[in-house]
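Student: Next input, structure requested:
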Amino acid sequence: MKTITNFAVSLEKSEKALASMDLEKVFRRVFPRYLRHYKASVQQDRAGTDYYVVTETVTVQVDMKVLSRDPGWKSGWSSCLPIELWSVKDRWICGYDGNADFVLWVYRDSNRVVLARRKELRDYVNLRRLEWMFFLKEYESQTRSWNGTIYTSSFVWLPFFVVAKQGFFYQYKVA
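Tutor: All right, here's what the predicted structure looks like:
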C-alpha cells in the first residue's frame with residue numbers, strides 16, 4: 001500500500017524550505033535583470049505559479065520545485081532531474097500544464113538550480129512521455145488534495161546532459 005501525502009503538509013514543508021533560502025540570491029542568479037519577487041496567491045499556486053519575479057523588462061511566473069538532496073552533487077554536474085510525466089495521472093493531466101513561464105528546480109544541499117521554459121518543457125515531455133514510460137522507471141506518489149480527493153502523480157529521473165541538449169534548460173550554481 002502506498003503512503004498518501006497530505007497536500008497541505010507537503011505545501012507547508014515546501015514553504016518552510018523556501019523561507020529558509022535566500023530566494024533573492026537565487027532569482028538574481030537566474031534572472032540577471034532581477035528587481036524583486038513576490039509570492040503568488042493560493043489560486044495562482046493551484047494554477048501552477050509559486051512566485052512572480054519582476055525584472056527590468058518583464059514580470060515572469062515561476063513554478064518552484066524544491067528538493068532537499070541533489071542526487072549527483074558529489075560527482076559534479078552530472079546529476080539527474082526529476083521530470084514530471086503526470087500531474088494527475090488518474091485524469092490524464094500532464095505535468096507542466098500550469099500558467100508559469102518557467103520551472104525552477106532548487107537543490108538545497110548543493111545550491112544548484114535548474115531553470116527551464118515551461119511551455120518547451122511541457123511539449124518535450126508530451127513528445128517523449130510514452131518512450132520514457134516504457135524504458136525508464138516511473139515513480140508514483142499519491143497526494144490528498146485540499147478538497148480531500150486523492151490523486152496520483154508520476155515522474156522519471158533524467159540525466160541533466162540529456163535534457164540540456166534540448167536548448168531550453170539552464171543550470172546555475174548559487175553561491
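
Student: hang on, residue 86 packs against residue 125?
Tutor: No. Counting by CB atoms under 8 Å, residue 86 sits too far from residue 125 to count as a contact (9.5 Å). In this view, the C-beta of every residue, glycine as well, is placed from N, C-alpha and C.

Student: what residues are shared contacts of these two?
Tutor: Listed as contacting both residue 86 and residue 125 by CB atoms under 8 Å, 6 or more residues apart in numbering are 94-95.

Student: where do the helices sit along the chain?
Tutor: Along the chain, counting by DSSP state H, helices occupy 7-19, 23-30, 42-46, 118-135, 160-164.

Student: Could you identify which of those helices is most buried?
Tutor: Mean neighbour count (mean count of other CB atoms under 10 Å) peaks for helix 23-30 among the helices of the chain, with a mean of 18.

Student: So for that one, mean pLDDT?
Tutor: The average of the pLDDT scores along helix 23-30 is 94.

Student: Name the residues that touch it?
Tutor: 34, 37, 51, 53, 62, 104, 106, 113, 115, 170, 172-175.

Student: Inside strands: which ones of those?
Tutor: Under the assignment DSSP state E, those contribute 34, 37, 51, 53, 62, 104, 106, 113, 115, 170, 172-173 to strands.

Student: Could I have the PyMOL command that selects the buried members from these?
Tutor: Remark: buried members of the ones in strands among the contacts of helix 23-30, expressed as a PyMOL selection using 16 or more other CB atoms under 10 Å:
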select buried, resi 34+37+51+53+62+104+106+113+115
